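Colleague: with the input below, show me the fold.
(one chain, ligands or ions: 1)
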Amino acid sequence: MKRRLIIPLLAATLLLLSLWGCAGQTDSAEDTEEAEQDLIVVGVCQVGAESDWRVANSESIKAVFTEENGYELLFEDAKQKQENQISAIRKFIQQKVDYIVLMPISETGWDSVLQEAKDAGIPVIMVDRTVDVEDESLYTAHVGSDFEAEAEMAVAWMEETYGDDQVNIVHIRGTLDSTAQLGRTKVLEEAVEAHDNWSILTQLDGDFTQPKSYEVMCEYLSRGDQDIHVVYCENDNEAYGAIEALEEYGYTCGEGGVAVISFDATKTCLTLCLEGKIALAVECNPLLGELVEEVIQTLEAGGTAARETYAEERCFTREDLTEAFIAERAY
Ligand code: AHR
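Modeller: Take a look at the predicted model:
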């Protein structure tokens, strides 16, 4: 339901008009005139604030869906719990929002609540991750990353770097059942299957956070000396936790030591990459606000939005980076 925003014309506008010599043409009715504008109400249900990427993603959404741009934004932080996301969607339905934007924490468990949104006639746009539902019409569009394509960049780098050498990998997974985890894990596991010289020493669950990654990595390293070549971290914050643990246990990260691979490529990660502690940073672009707005504007104009919109992404090694380049990055 569009909300009507009443904007009283500012005295400053009248003052400006008088300076332009138009004051004589402004009658008293115009003095009290009010501008009216329909706001598009968008309910956004964010996963939480588990990572630097997530914070940048929330900022990108908040920067676009402003009153100035014609929107009323209702923003819910689900604190990494699916039940909170489901409650938030039900609240948005009661509030009769025009659009629901969902960053789903996991892929499964959405059929009922999305059916409720569909029955209420509210289009749902998946952002960042997506969902696995029986009826694809339960959501209108997905705007996010191609997580498998990201992981393929990491695999290609490992192939090029190690050739026929043995590669022992510690794999730190993100939040289980999230699209980001499923895509990045699938591609790695398939690549390990396809390479006789690659093996996964252990798979740990870092839940996309630094403290959890540090904790599971410390627990693994405390079992004794490990012959680790690569630590494949499914996001930057996991990489920071893993590096902290590795260094505490006497390992070197970088040249001649453990190669840390990270996904997201936020500024701190790129700085660590330039310093040589992170070997490969695969970009996951959090700046999705404008792409989401394009979908909403297409729908507002009566058009059909693209089913999938992927952000452009690339990967970085130390050689690709300079301090100036990192400083200019938006996240
Ligand atoms: O879904 C995107 C992932 O979720 C990002 O890689 C990670 O940092 C975030 O928490």
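
Colleague: rest of the way, CA atoms for contacts and neighbours
Modeller: Noted.

Colleague: is any residue of stretch 108-126 near the ligand?
Modeller: No: looking at stretch 108-126 against the ligand by CA under 6 Å from any ligand atom, there are no contacts, and the closest approach is 11.4 Å.

Colleague: so where do the helices sit in the stretch 51-200 of the chain?
Modeller: 52-64, 82-94, 111-119, 147-162, 179-194 (DSSP state H, counting those that start in this stretch).

Colleague: same check, this time on the stretch 201-331 of the chain
Modeller: 210-221, 236-248, 267-275, 289-300, 323-328.

Colleague: show me what residue of the stretch 201-331 of the chain gets nearest to the ligand.
Modeller: Nearest residue of the stretch 201-331 of the chain to the ligand (CA to the nearest ligand atom) works out as Asn235 at 4.7 Å.

Colleague: contact partners for the closest residue to that residue other than its chain neighbours?
Modeller: In space, and not counting its chain neighbours, Asn235 is closest to Phe263: 4.4 Å by CA to CA, 6 or more residues apart in numbering. By CA atoms under 8 Å, 6 or more residues apart in numbering, Phe263 lies in contact with Glu150, Cys233, Glu234, Asn235, Asp236, Ala281, Val282, Glu283, Cys284.

Colleague: among these, who's most crowded?
Modeller: Neighbour counts for those (other CA atoms under 10 Å) peak at Asn235, which has 33 neighbours.

Colleague: could I get the helices of the stretch 201-331 of the chain as TSV with mean pLDDT?
Modeller: Shown next, in TSV, are the helices of the stretch 201-331 of the chain (pLDDT from 0 to 100):
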stretch	mean pLDDT
helix 210-221	98
helix 236-248	98
helix 267-275	98
helix 289-300	98
helix 323-328	98
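
Colleague: Ala117 is nearest to which of the ones you listed?
Modeller: In terms of CA to CA, the element of the helices of the stretch 201-331 of the chain nearest to Ala117 is helix 289-300, at 16.2 Å.

Colleague: any buried residues in that closest one, and which?
Modeller: The neighbour-count criterion (16 or more other CA atoms under 10 Å) identifies Gly289, Leu291, Val292, Val295, Ile296 as the buried residues of helix 289-300.

Colleague: so the first one is in contact with Ser60, correct?
Modeller: By that I understand Gly289. Yes: at 5.0 Å, Gly289 counts as touching Ser60 under the criterion of CA atoms under 8 Å.

Colleague: burial of the nearest residue to Cys253 once chain neighbours are set aside, as a residue count?
Modeller: Computed as CA to CA, 6+ apart, the closest residue to Cys253 that is not its neighbour in sequence is Lys277, at 5.1 Å. Residues within reach of Lys277, counting by other CA under 10 Å, total 24.

Colleague: quick one, phi psi at Lys277?
Modeller: phi -80, psi -30 (degrees, to the nearest 10).

Colleague: surely it meets Gly256?
Modeller: No: using CA under 8 Å, Lys277 is not in contact with Gly256; the gap is 10.9 Å.
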